[in-house]
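Engineer: predicted model, plus sequence, below.
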Amino acid sequence: MNTQSQNPPATELEPDATAETAGSESEALLKDLAEQKDLHLRLAADFENFKRRSRLPPHISKEDELLWKQLATQATFNPRKTA
């Protein structure tokens with residue numbers, strides 16, 4: 001019976017090469033994290049702007065709310081509507 005291991009010997013990287021590889025991976029992950037944080041910040045800002053734009057102005061009364069919504073609907077782009 002063969003008692004020796006059939007696996008080839010593991011090759012180990014030099015300590016400097018391992019540190020460089022880990023450093024480059026770390027930098028790549030930090031860059032990706034910064035990009036994701038930036039995207040999240042921009043998405044949150046866009047949502048806040050949307051909420052601000054979609055609110056009725058404070059001088060509009062409840063009675064004028066329906067008229068305001070109708071005007072806002074008519075002002076939207078409709079590609080099927082001809083001028």
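Structural biologist: Looks like it arrived, so ask away. Numbers count the residues shown, from 1 in each chain.

Engineer: tell me where this structure has strands.
Structural biologist: Here the chain has no strands by DSSP state E.

Engineer: for it, give me the ranges with low pLDDT.
Structural biologist: Along the chain, segments meeting pLDDT under 70 span 1-17, 56-60, 62-63, 75-83.

Engineer: for it, which helix is longest?
Structural biologist: helix 15-54 (DSSP state H).

Engineer: helices or strands up against that helix?
Structural biologist: Applying 3 or more C-beta pairs under 8 Å, 6 or more residues apart in numbering; DSSP states H and E, one finds that helix 15-54 contacts no other helix or strand. Quick note: C-beta positions are derived from backbone N, CA and C, even for glycine.

Engineer: residue 19 and residue 66, how far apart?
Structural biologist: Separation of residue 19 from residue 66 (C-beta to C-beta, to the nearest Å): 68 Å.

Engineer: ok, now residue 28?
Structural biologist: 54 Å.

Engineer: contact partners for residue 31?
Structural biologist: Contacts for residue 31 were tallied using C-beta atoms under 8 Å, 6 or more residues apart in numbering; there are none.
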